[in-house]
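Peer 1: Below are the sequence and a predicted model; questions follow.
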Amino acid sequence: MSIEIMLNAVNLLFVAFSTYHQDAQGQVFVFFSMAVAAAEVAVGLAILVSIFRNIGSISIDNLKNLKG
């Protein structure tokens, strides 16, 4: 969670500096950074949905049985 907050802070700085310098490169970088973050969330959600479909629960007590 803290990594995501730091990523959002850096994105905000990129947008601010690119607006200040009248250059769109910072905003383009933020667009791609947000796309990667959205893909990361989608993969995490897909993992949780897959675990729930296989086990029927996402309880931590049930997940410790997955250790190989």
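Peer 2: Happy to help now that I have it.

Peer 1: Select the longest helix from the chain.
Peer 2: Longest among the helix segments of the chain by residue count, using DSSP state H, is helix 25-55.

Peer 1: which parts of that one are buried?
Peer 2: 26, 30 (16 or more other CB atoms under 10 Å). Every C-beta, even on glycine, is put in place using the N, C-alpha and C of the backbone.

Peer 1: other SSEs contacting it?
Peer 2: helix 2-20, helix 60-63 (3 or more CB pairs under 8 Å, 6 or more residues apart in numbering; DSSP states H and E).

Peer 1: Residues contacting the longest one, please?
Peer 2: If you take CB atoms under 8 Å, 6 or more residues apart in numbering as the criterion, helix 2-20 is touched by 24-27, 29-30, 33-34, 37.

Peer 1: Relative to the whole chain's centre, how far out is that helix?
Peer 2: Relative to its chain's centre, helix 2-20 lies at 14 Å (CA atoms, centre = their mean, to the nearest Å).

Peer 1: Would you mind giving the orientation angle of it with respect to helix 25-55?
Peer 2: 160 degrees (axes from the mean of the first three to the mean of the last three CA atoms, to 10 degrees).

Peer 1: send the alpha carbons of helix 2-20 over as PDB?
Peer 2: Coordinates of the C-alpha atoms in helix 2-20 are reproduced here as PDB (Å, rounded to 0.1, in the frame of the first residue of the first chain):
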ATOM      1  CA  SER A   2       2.800   2.400   0.800                       C
ATOM      2  CA  ILE A   3       4.500   1.700  -2.500                       C
ATOM      3  CA  GLU A   4       1.200   2.700  -4.300                       C
ATOM      4  CA  ILE A   5       1.100   5.900  -2.300                       C
ATOM      5  CA  MET A   6       4.700   6.800  -3.300                       C
ATOM      6  CA  LEU A   7       3.900   6.000  -6.900                       C
ATOM      7  CA  ASN A   8       0.900   8.300  -6.800                       C
ATOM      8  CA  ALA A   9       3.100  11.100  -5.300                       C
ATOM      9  CA  VAL A  10       5.600  10.700  -8.000                       C
ATOM     10  CA  ASN A  11       2.900  10.800 -10.600                       C
ATOM     11  CA  LEU A  12       1.500  14.000  -9.100                       C
ATOM     12  CA  LEU A  13       5.000  15.500  -9.300                       C
ATOM     13  CA  PHE A  14       5.400  14.500 -12.900                       C
ATOM     14  CA  VAL A  15       2.100  16.100 -13.800                       C
ATOM     15  CA  ALA A  16       2.900  19.300 -11.900                       C
ATOM     16  CA  PHE A  17       6.400  19.700 -13.400                       C
ATOM     17  CA  SER A  18       5.200  18.900 -17.000                       C
ATOM     18  CA  THR A  19       2.500  21.500 -16.600                       C
ATOM     19  CA  TYR A  20       4.900  24.000 -15.200                       C
END
